[in-house]
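Enquirer: Below are the sequence and a predicted model; questions follow.
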Amino acid sequence: MTPRFLTIIIIALAAVAGTLAMAKCCTMNKHKCNAHNSDPECRASLNPVIEDTDTLTKFRFERHEVNAQGNTMSEVLSLSASALEPSHYLYYRFLNSNTGISWSSVDGNEAMQRLSQVLRENPTDSLPCIDFDDEDKARTRSMIRAEYKSGKKMSVVDYSDSPAVTAIAAQAHDIFQALAKRSSQFHSEHSESTYDASGKLLRRIDYTADGIVHGGYDATKPDATF
């Protein structure tokens, strides 16, 4: 066997091994959506394909707009099912607002179904699976995370305003705006949080389902009671 032929065989075997490793990694990430991996090929694996039979249990959308001075405006929208159906945990903080509202128990079935449909109609399986913890906070970005009863998880950090993410963002915003408008009908414990320009919590007031203050936190007065 000539040295040249031996080199060709070694290169071919290395290529096969690399392909198998990539396939294993992508298969793993396609189901677990785990971006905490140092291998750049694995980090570029795709999000899972969402089927009509997949039931959405958790949805979170974030939009962070960073200007030339490094200041950020943020929007955070989250809805997740609890063990006590049809109860859902709801949180929303809209763009251009420094106030976030969280509700411990609301009926979010209709909203969750609409969000599930939005995700199916705007598939993200062609986008890299990037965990929220791996975001570049210096860049304007949209972020979507979803979890399903089947165990599927998707996680997207998008810096380029891709069509699918832009469509999901617009419709999710409308869905959460509608939930916020119905908040007077919610009979649930809830909290109102205020943040500074960097997203740091300044103050949180906790309310009972009847709207009575029963706790809170003040960053300027950590020992304050409410």
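Expert: Yep, it's here.

Enquirer: Specify the beta-bridge partners of the residue nearest the centre of the chain.
Expert: Centroid-nearest residue in the chain, with Cα atoms, centre = their mean: residue 145, separated by 2.9 Å. Assessed by DSSP bridges, residue 145 has beta-bridge partners residue 60, residue 155.

Enquirer: quick one: contacts for it?
Expert: Neighbouring residues of residue 145 by Cβ atoms under 8 Å, 6 or more residues apart in numbering: 58-60, 132, 153-156. The way it works is simple: take the backbone N, C-alpha and C, and place the C-beta from them, glycine included.

Enquirer: List only those of the residues you listed flagged as buried.
Expert: When the contacts of residue 145 are checked for burial by 16 or more other Cβ atoms under 10 Å, the buried set is 58-60, 153-156.

Enquirer: any chance of these in TSV, with distance to residue 51 and pLDDT too?
Expert: Below are the buried ones among the contacts of residue 145 laid out as TSV (distance: Cβ to Cβ, whole Å; pLDDT from 0 to 100):
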residue	distance to residue 51	pLDDT
58	17	97
59	17	98
60	21	98
153	14	92
154	13	93
155	18	94
156	18	94
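
Enquirer: what two of those have the greatest distance between them?
Expert: Of all pairs drawn from the buried ones among the contacts of residue 145, the greatest distance, 14.0 Å, lies between 58 and 156 (Cβ to Cβ).

Enquirer: Could you report the separation of residue 211 from residue 220?
Expert: 24 Å (Cβ to Cβ, to the nearest Å).

Enquirer: just how off-centre is the helix or strand encompassing residue 112 within its chain?
Expert: Residue 112 is part of helix 109-121 when elements are defined by DSSP states H and E. Here helix 109-121 is found 15 Å from its chain centre; the criterion is Cα atoms, centre = their mean, to the nearest Å.

Enquirer: List the buried residues in it.
Expert: Here helix 109-121 shows 111-112, 114-116, 118-119 as buried, counting by 16+ other Cβ under 10 Å.

Enquirer: quick one: which of these is nearest residue 53?
Expert: Using Cβ to Cβ, the buried residues of helix 109-121 come closest to residue 53 at residue 116, 10.9 Å.

Enquirer: How about that closest one: what's its closest non-neighbour residue?
Expert: residue 56 (4.0 Å; Cβ to Cβ, 6 or more residues apart in numbering).

Enquirer: before we move on, what about residue 171?
Expert: residue 118 (4.7 Å).

Enquirer: Verify the stated contact: the one you found with residue 174.
Expert: No - with contact defined as Cβ atoms under 8 Å, residue 118 and residue 174 do not form a contacting pair (9.7 Å).

Enquirer: how many neighbours does residue 217 have?
Expert: 16 (other Cβ atoms under 10 Å).

Enquirer: tell me the contacts of it?
Expert: Contacts for residue 217 (Cβ under 8 Å, 6+ apart) come out as 201, 203-204, 224.

Enquirer: Compute the distance between it and residue 120, please.
Expert: 39 Å.

Enquirer: and if you look at residue 203?
Expert: Residue 203 is 39 Å from residue 120, by Cβ to Cβ.

Enquirer: Which neighbouring elements make contact with whichever strand or helix holds residue 76?
Expert: Following DSSP H and E, one finds residue 76 within strand 72-81. When contacts are defined as 3 or more Cβ pairs under 8 Å, 6 or more residues apart in numbering; DSSP states H and E, strand 72-81 sits against strand 56-66, strand 87-93, helix 109-121, helix 163-181.
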